[in-house]
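In: I'd like to go over a predicted model; first the sequence, then the structure.
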Amino acid sequence: MSIARLVITAVVLEGRQQAEVARSYGVSAGWVSKLVARYRREGEVAFEPHSRRPHSTPNRLETSSVDLIIGLRRELTEQGMDAGAHTIAWHLQHDHQLVVSPATIWRVLKRAGLITAQPKKRPKSTYIRFQAELPNECWQSDFTHWTLADRSDVEIISWIDDHARLALSCTPFQPVTVAAVLTTFRANTAIYGLPASTLTDNGLVYTARFRKGRNSFEHELRRLNIVQKNGHPNHPQTQGKVERFQQTMKKALTKNPPAATLEHLQDQLEEFREYYNTRRPHRSLEHNQTPAAAYAARPKATPSADDRGREHNRIRRDIVDKDGRITLRHDGKMHHIGIGRTHARTPVLMLIQDLEIDVIDAATGQILRQLTLNPNRDYQPQNKKSPDP
């Protein structure tokens with residue numbers, strides 16, 4: 001039995017004083033008085049509490065605004081674009097001159113049954129975020145697989161700016177090679193200038209460091225004094241921004257008819273990139289800016305002029321073959337170095353400092369050859385300066 005029923009029964013049916021009843025049930029005398037008056041006016045309805053709903057809602061959205069929010073949600077979802085409350089708020093303000101808070105938009109979507117609960121989603125507070133302070137301070141790159149209409153496999157290489165999340169380029173290849181990496185990188189530098197650093201995974205198209213060498217992309221970065229950063233193996237979170245970008249890109253591509261050719265796919269990618277850069281607010285950016293606005297808002301970082309410690313020193317072991325030659329991979333190309341048939345089957349050490357090479361007998365320490373590698377020719381012939389007893 002509710003306390004309201006007990007109070008009304010005590011006053012009306014038992015004839016007790018309101019002040020006494022108030023003291024007995026630990027409520028205010030004023031509330032007892034109002035409750036009894038309501039009972040005499042409305043009857044047994046007084047046994048139930050009043051609705052807390054306000055008599056009027058002057059700030060309630062108009063039906064046309066609610067319909068616009070729901071329409072935007074469906075339109076963006078059909079296009080494969082982000083359709084969250086913050087994105088809808090941005091479109092309302094920039095396209096329809098209507099300011100609505102993301103919280104209000106979320107409630108509208110919730111009432112319309114358009115919010116899907118994600119109870120297992122990791123809280124954002126558990127992530128540690130790293131972000132470059134300036135545009136061009138760091139460019140991230142990665143590539144991902146995609147399929148054309150004929151089911152043939154292609155790879156899409158993406159470059160984004162770490163600070164602004166600007167999609168610098170998205171380019172399909174069959175497949176992505178070191179040459180593709182270098183081509184897209186140079187195309188971006190021609191438009192946006194040189195970055196201070198790059199961040200990629202350890203794929204062979206980006207680095208040959210696990211093969212104790214350098215590929216042409218790495219040589220390009222060294223020549224331009226650009227710092228190369230590579231994430232830890234099996235830890236894609238280091239390149240999290242470009243990984244997340246590729247998820248968004250592929251979600252948008254799925255809403256298009258499958259591309260028949262690389263050229264057709266490139267057109268779809270350019271359409272998506274234009275929208276992503278200029279028409280999609282990014283929640284990780286200050287004031288939910290678009291990537292293009294964030295990129296233009298600050299001065300651009302440039303490579304450091306300090307190249308100390310950038311020499312490439314390494315040691316390689318080899319055995320002179322029966323024809324008196326050893327091999328060395330430089331800039332992704334295999335070179336053959338003549339040592340002399342006299343030293344066939346001799347284990348050697350190669351001390352390499354960029355293009356300067358010393359070849360030493362591993363057993364005796366004797367210098368068998370010293371040379372400057374000519375990267376433009378495969379076979380490095382012996383010359384008069386090369387000791388050949």
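Out: Great, that's in hand. Numbering: from 1, shown residues only.

In: isn't residue 344 up against residue 324?
Out: Yes. Under the criterion of Cβ atoms under 8 Å, residue 344 makes contact with residue 324 at 5.6 Å. Quick note: C-beta positions are derived from backbone N, CA and C, even for glycine.

In: between the two, which has more neighbouring residues?
Out: More crowded of residue 344 and residue 324, by other Cβ atoms under 10 Å: residue 324, with 18 against 14.

In: can you pull the contacts of the more buried one?
Out: By Cβ atoms under 8 Å, 6 or more residues apart in numbering, the contact set of residue 324 is 338-344.

In: which of those ranks first by neighbour count?
Out: Within the contacts of residue 324, residue 339 tops the neighbour count with 24 neighbours, counted by other Cβ under 10 Å.

In: surely that residue and residue 327 touch.
Out: No. Look at residue 339 against residue 327 with Cβ under 8 Å: they stay out of range, at 11.0 Å.

In: from the contacts of residue 324, which ones fall inside strands?
Out: Applying DSSP state E to the contacts of residue 324, the entries found in strands are residue 338.

In: going by distance to residue 31, which of the contacts of residue 324 wins?
Out: residue 339 (103.9 Å; Cβ to Cβ).

In: wait, what's in contact with the closest one?
Out: By Cβ under 8 Å, 6+ apart, the contact set of residue 339 is 320, 324-326, 346, 348, 359, 368-369, 382, 388.

In: in PyMOL, select just the buried ones from the residues you listed.
Out: The buried residues among the contacts of residue 339 can be selected in PyMOL (16 or more other Cβ atoms under 10 Å) with this line:
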select buried, resi 320+324+325+326+346+348+359+368+369+382
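
In: what is the nearest of the contacts of residue 339 to residue 248?
Out: residue 326 (48.4 Å).

In: let me see the contact set for the closest residue to that closest one other than its chain neighbours.
Out: Using Cβ to Cβ, 6 or more residues apart in numbering and skipping residues adjacent in sequence, the residue nearest residue 326 is residue 318, 4.5 Å away. Shown in contact with residue 318 (Cβ under 8 Å, 6+ apart): 326-327, 347-348, 350.

In: inside strands: which ones of these?
Out: Among the contacts of residue 318, the members found in strands (DSSP E) are 326-327, 347-348, 350.

In: one step back: now, the most widely separated pair of the contacts of residue 318?
Out: 327 and 347 (14.2 Å).

In: follow-up on the earlier one: SS state for the residue nearest to residue 326?
Out: strand (DSSP: H, G, I helix; E, B strand; the rest coil).

In: any idea what it is bridged to?
Out: Assessed by DSSP bridges, residue 318 has beta-bridge partners residue 348.

In: now residue 140, nearest residue through space, not along the chain?
Out: Nearest residue to residue 140, sequence neighbours excluded (Cβ to Cβ, 6+ apart): residue 242, at 4.1 Å.

In: can you show me the CA trace of the helix or strand hosting the one you found as PDB?
Out: Per DSSP states H and E: residue 242 is located in helix 240-253. The C-alpha coordinates for helix 240-253 follow below in PDB (Å, rounded to 0.1, in the frame of the first residue of the first chain):
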ATOM      1  CA  GLY A 240      46.100   3.100 -36.000                       C
ATOM      2  CA  LYS A 241      45.000   6.200 -37.800                       C
ATOM      3  CA  VAL A 242      45.600   4.800 -41.300                       C
ATOM      4  CA  GLU A 243      44.200   1.400 -40.300                       C
ATOM      5  CA  ARG A 244      41.000   3.200 -39.100                       C
ATOM      6  CA  PHE A 245      40.900   5.300 -42.300                       C
ATOM      7  CA  GLN A 246      41.000   2.200 -44.400                       C
ATOM      8  CA  GLN A 247      38.000   0.800 -42.600                       C
ATOM      9  CA  THR A 248      36.000   3.900 -43.300                       C
ATOM     10  CA  MET A 249      37.200   3.900 -47.000                       C
ATOM     11  CA  LYS A 250      36.200   0.200 -47.500                       C
ATOM     12  CA  LYS A 251      32.800   0.800 -45.900                       C
ATOM     13  CA  ALA A 252      32.100   3.600 -48.300                       C
ATOM     14  CA  LEU A 253      33.300   1.500 -51.300                       C
END
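
In: for it, which positions count as buried?
Out: Within helix 240-253, the residues that qualify as buried are 241-243, 245-246, 248-249, 252-253, counting by 16+ other Cβ under 10 Å.

In: would you list the contacts of residue 318 in TSV and tack on pLDDT and distance to residue 90?
Out: As requested, the contacts of residue 318 are exported to TSV (pLDDT from 0 to 100; distance: Cβ to Cβ, whole Å):
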residue	pLDDT	distance to residue 90
326	92	61
327	91	57
347	92	66
348	90	64
350	86	58
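
In: hmm, residue 175 is touching residue 156, no?
Out: No. Here residue 175 does not reach residue 156: they are 10.4 Å apart, not a contact under Cβ under 8 Å.

In: between those two, which one's more packed in?
Out: The neighbour comparison of residue 175 against residue 156 (other Cβ under 10 Å) goes to residue 156, with 22 against 13.

In: check contacts around the closest residue to the more buried one other than its chain neighbours.
Out: Excluding its sequence neighbours, the residue lying closest to residue 156 (Cβ to Cβ, 6+ apart) is residue 172, at 5.0 Å. Residues near residue 172 by Cβ under 8 Å, 6+ apart: 146, 154-156, 262, 265-266, 269.

In: now find how far off-centre stretch 16-33 is within its chain.
Out: Chain-centre distance of stretch 16-33: 64 Å, with Cα atoms, centre = their mean, to the nearest Å.

In: got the CA positions of it in PDB?
Out: The C-alpha atoms that make up stretch 16-33 are tabulated as PDB, following Å, rounded to 0.1, in the frame of the first residue of the first chain:
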ATOM      1  CA  ARG A  16      -7.200  12.200  12.400                       C
ATOM      2  CA  GLN A  17      -5.500  15.600  12.400                       C
ATOM      3  CA  GLN A  18      -3.300  16.300   9.400                       C
ATOM      4  CA  ALA A  19      -0.400  17.500  11.500                       C
ATOM      5  CA  GLU A  20      -0.500  14.300  13.600                       C
ATOM      6  CA  VAL A  21      -0.600  12.100  10.400                       C
ATOM      7  CA  ALA A  22       2.300  14.100   9.000                       C
ATOM      8  CA  ARG A  23       4.400  13.400  12.200                       C
ATOM      9  CA  SER A  24       3.400   9.700  12.200                       C
ATOM     10  CA  TYR A  25       4.500   9.000   8.600                       C
ATOM     11  CA  GLY A  26       7.500  11.400   8.600                       C
ATOM     12  CA  VAL A  27       6.200  13.700   5.800                       C
ATOM     13  CA  SER A  28       5.500  17.400   5.700                       C
ATOM     14  CA  ALA A  29       2.200  18.800   6.800                       C
ATOM     15  CA  GLY A  30       2.000  20.800   3.600                       C
ATOM     16  CA  TRP A  31       2.300  17.700   1.500                       C
ATOM     17  CA  VAL A  32      -0.500  16.000   3.500                       C
ATOM     18  CA  SER A  33      -2.700  19.100   3.000                       C
END
